[in-house]
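> let's see this in three dimensions:
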Amino acid sequence: RSGERMTDAEIDVLADNPVRVPKLNKIRDHARSVSHKAYGGDPTVPEDAYRHTLWSFTLTNEYGPEFAQTVTDAHEIGATWNTEADHRMDYNNNKVGRDYAKAGVPESDILKRVLEDPAVIRSPQ
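Alright, predicted model coming up:
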């Protein structure tokens, strides 16, 4: 993850799961790319909320909800560059993404849900 800020907890998760690192990076990059493209096409898209929801959703589909939570929680633990409101939003939206995956929601429906589902936090509050 060159050039990306990582928490110590994230580094520990990656170190404990070296075989998964390429796939974890691919999932992270996919969520970042898709959310950025959606925001670029429509600036009302809450890019951060979409990125976290999609990232957690995809991690859950690939590795199950427990490991997805481990990865996404590690991203928040010790991230001093985020405010408490940012952390609350990210933890919430990561859980929403896991819930969507567990419910069998198709990836093609995630953006619509991020825009409409009252469970999604779209901006830090």
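> longest helix in the chain, by number of residues?
As assigned by DSSP state H, the longest helix anywhere in the chain is helix 21-41.
> return the set of buried residues in that one.
By neighbour count on 16 or more other CB atoms under 10 Å, the buried set for helix 21-41 is 24, 27, 28, 31, 34, 35, 38, 39. The way it works is simple: take the backbone N, C-alpha and C, and place the C-beta from them, glycine included.
> one more: stretch 90-109?
Under the neighbour-count criterion of 16+ other CB under 10 Å, stretch 90-109 has 90-101, 105 buried.
> would you reformat those residues as TSV and include distance to residue 51?
What follows is those, written out as TSV (distance: CB to CB, whole Å):
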residue	distance to residue 51
90	9
91	14
92	13
93	9
94	10
95	15
96	12
97	10
98	15
99	17
100	14
101	15
105	17
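> and which of those residues is nearest to residue 124?
Lowest distance from residue 124 to the buried residues of stretch 90-109 (CB to CB) belongs to residue 90, with 8.9 Å.
> mind putting the buried residues of helix 21-41 into TSV with pLDDT and distance to residue 115?
Below are the buried residues of helix 21-41 laid out as TSV (pLDDT from 0 to 100; distance: CB to CB, whole Å):
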residue	pLDDT	distance to residue 115
24	96	27
27	97	22
28	96	22
31	97	16
34	98	14
35	97	12
38	98	10
39	97	12
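> got those residues as CSV, with distance to residue 74 columns?
Formatted as CSV, those follow (distance: CB to CB, whole Å):
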residue, distance to residue 74
24, 11
27, 14
28, 12
31, 15
34, 22
35, 20
38, 25
39, 25
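> which of the residues you listed sits closest to residue 120?
Within the buried residues of helix 21-41, the smallest distance to residue 120 is 12.7 Å, found for residue 35 (CB to CB).
> the stretch of helix or strand residue 111 belongs to packs against which elements?
Here residue 111 sits within helix 110-116, counting by DSSP states H and E. Applying 3 or more CB pairs under 8 Å, 6 or more residues apart in numbering; DSSP states H and E, one finds that helix 110-116 contacts helix 47-63, helix 84-102.
> and the gap between the most centrally placed residue in the chain and residue 15?
Using CA atoms, centre = their mean, the residue of the chain that lies closest to the mean C-alpha position is residue 52, 2.5 Å off. Distance, residue 52 to residue 15, using CB to CB, to the nearest Å: 23 Å.
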